[in-house]
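Undergrad: quick one: sequence plus predicted model below, questions after.
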Amino acid sequence: MEPLYRQICARFRSAIADGLLAPGDRIPSARALANEMGLARGTIETAYSTLVAEGYFEPRGQAGTFVAPGLSPQVPVPAATRSSVYAPELNIRPVSMLPFQMGLPALDAFPRKIWARLGARCVRATQNTEMIYPPAHGLQTLRTAIATYLQVARGITCSPSQVFVTSGYRNTLELIIYALLKAGDRVWVENPGYPPTRLLLQHAHLAATPVPVDGEGLDVAHGIRTASRARAAVVTPAHQCPLCVSLSLPRRLALLDWASRTKAWIIEDDYDGEYRYVSRPLPALKSLDRDGRVLYAGTFSKVLFPAIRLAYLVVPETQIEQFERISQIFSAGGPVLTQAIVTAFVTEGHFARHIQRMRKLYAERREAAARGLEKALGTRMRVDPQPGGMHLVLRLQGHGSDRSLAERIRNHGMFVQALSDWSIAERAESALLLGFTNIDSESAAEKLGKRILKLI
């Protein structure tokens, strides 16, 4: 067996090589590490002496021991930034911030000073009772604030007890699956549609049934013809994801009628329903629900910032007890401090004002991005006219596979996505999906468009 001091040396070398310890980082004292590992202090000192002799460590007297500043470790490239591997169904949310990346709000326009002030105030006001385990259903004050906001802004009448705070859309969908569905059930999904929805349904052993989308949104009649006995439908009626069309009123009513007749559930994903640029935001589908068949899913990730990991679900009154049981089992509860800050942000009016500012900003940035790209690309691509949303749909004019073009563009540092990767059909529409919220000018969009032009 290799001596303990050599094992310790190997661990430190690996930590430095992997970038976990950077040049100049301070190393724990020999005494502290010996106490932590339950070893003799002499064993640790022998390991430290060896690493000093090899040039990995640098002793600085009473200041302590540090990783030698001259080292240049070869840190592996994180999987999210490797351009040679791309799995669209797994990499919808890359840990990066690249041009055209979807799902990111305008982070440069977030009111950080207000957020910091509210955060500091909430930290100072934290009581011992707020430092225990968080409530599984969400902070009561936040549930109340969400219910109030939805009634005013989205036309949804609900009580705080119908609101369940979750850790994101995926967690929301998991709770719905556990509460209302069972293995083998058929579920309508939009085609094209959000890939993680299909993956979550498949992993739950549910049959995701694709229903085509056209200029009026989900083709409800097609869904009824092909899978009339489906147990649920997942829809994005405000701005269909990813085509950004709105579900027409006749189809909204037809969808509600189908759900009422067959006792099916409608899962309304309203991820960017606030962002409509041609008129006022449309009322939520849930606002038309008279039979308690719609579950409304909203999120703070797209209107505040993704790292917040807070979303919410509004359930029918008849399902409150069922969701209370399920959330007690499957929900860990979000951090109380974060929920308290969001509550203050909403109740003090900052949330509504932020959305109003972003609606105006996004309308301007969408127009600027479209103009800049059209200047650079000319007749090679066409930008779809869209009533709202947070990304552009660029139609390709005879350039072959959108997948191969999207991959080439990603290889050059711009995170676009191929529409065909969001489709289930074998012969899918060809287009590129580009987020515009962090493109701050027409000239910036034109420069990026010229980079794309070179790759066509």
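TA: Received the coordinates, thanks.
Undergrad: element containing residue 253?
TA: Assigned by DSSP states H and E, residue 253 belongs to helix 249-262.
Undergrad: please disregard the earlier target; I meant residue 313.
TA: strand 311-314.
Undergrad: what's that strand packed up against?
TA: If you count contacts as 3 or more C-beta pairs under 8 Å, 6 or more residues apart in numbering; DSSP states H and E, strand 311-314 packs onto helix 140-153, strand 163-166, helix 169-180, strand 294-299. Bear in mind the C-beta positions are built from the backbone N, C-alpha and C, glycine included.
Undergrad: so which of these is nearest residue 10?
TA: Nearest to residue 10, of all the helices and strands packed on strand 311-314, is helix 169-180, at 38.5 Å by C-beta to C-beta.
Undergrad: which helices and strands sit right next to the closest one?
TA: Contacts defined by 3+ C-beta pairs under 8 Å, 6+ apart place helix 169-180 against strand 163-166, helix 195-203, strand 232-235, strand 265-269, strand 294-299, strand 311-314, helix 320-330.
Undergrad: could you redo the last one with a cut-off of 6 Å?
TA: strand 294-299, strand 311-314, helix 320-330 (3 or more C-beta pairs under 6 Å, 6 or more residues apart in numbering; DSSP states H and E).
Undergrad: quick check: angle from it to strand 294-299?
TA: 160 degrees (axes from the mean of the first three to the mean of the last three C-alpha atoms, to 10 degrees).
Undergrad: and whichever helix or strand comes after helix 169-180 with helix 249-262, angle?
TA: Of the helices and strands lying after helix 169-180 in sequence (DSSP H and E), the nearest is strand 186-191. Interaxial angle of strand 186-191 relative to helix 249-262 (the same axes, to 10 degrees): 170 degrees.
Undergrad: strand 186-191 to helix 195-203, inter-axis angle?
TA: Using the same axes, to 10 degrees: strand 186-191 against helix 195-203 is 160 degrees.
Undergrad: which strands and helices sit next to strand 186-191?
TA: helix 195-203, strand 207-214, strand 232-235.
Undergrad: so where's the protein uncertain?
TA: Within the chain, the ranges that satisfy pLDDT under 70 run 1, 72-94, 399, 426-427.
Undergrad: longest helix of it?
TA: As assigned by DSSP state H, the longest helix anywhere in the chain is helix 350-377.
Undergrad: would you map out the domains in this protein?
TA: Domain assignment of the chain by automatic domain parsing yields the ranges 4-67, 79-109+353-453, 112-348.
Undergrad: make JSON lines out of these and add mean neighbour count.
TA: JSON lines is the format used below for the domains of the chain (neighbours: other C-beta atoms under 10 Å):
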{"stretch": "domain 4-67", "mean neighbour count": "15"}
{"stretch": "domain 79-109+353-453", "mean neighbour count": "18"}
{"stretch": "domain 112-348", "mean neighbour count": "19"}
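Undergrad: where does residue 291 sit: helix, strand or coil?
TA: coil (DSSP: H, G, I helix; E, B strand; the rest coil).
Undergrad: name the nearest residue to it, sequence neighbours excluded.
TA: Of all residues not flanking residue 291 in the chain, residue 260 sits nearest, at 4.4 Å (C-beta to C-beta, 6 or more residues apart in numbering).
Undergrad: state the distance from that neighbour to residue 444.
TA: Going from residue 260 to residue 444 by C-beta to C-beta, to the nearest Å gives 48 Å.
Undergrad: with residue 324 instead?
TA: 48 Å.
Undergrad: any idea how far residue 33 is from residue 57?
TA: Distance from residue 57 to residue 33, by C-beta to C-beta: 12 Å.
Undergrad: give the contact list for residue 390.
TA: Counting by C-beta atoms under 6 Å, 6 or more residues apart in numbering, residue 390 makes contact with 272, 437.
Undergrad: about what we covered before: let me know the angle separating the longest helix of the chain from helix 140-153.
TA: Inter-element angle recorded for helix 350-377 and helix 140-153: 60 degrees (by the same axes, to 10 degrees).
Undergrad: partners of whichever helix or strand comes after helix 350-377 in the sheet?
TA: Downstream of helix 350-377, the next assigned helix or strand under DSSP H and E is strand 381-383. Looking at strand 381-383 with DSSP bridges, its partner strands are strand 391-396 (antiparallel).
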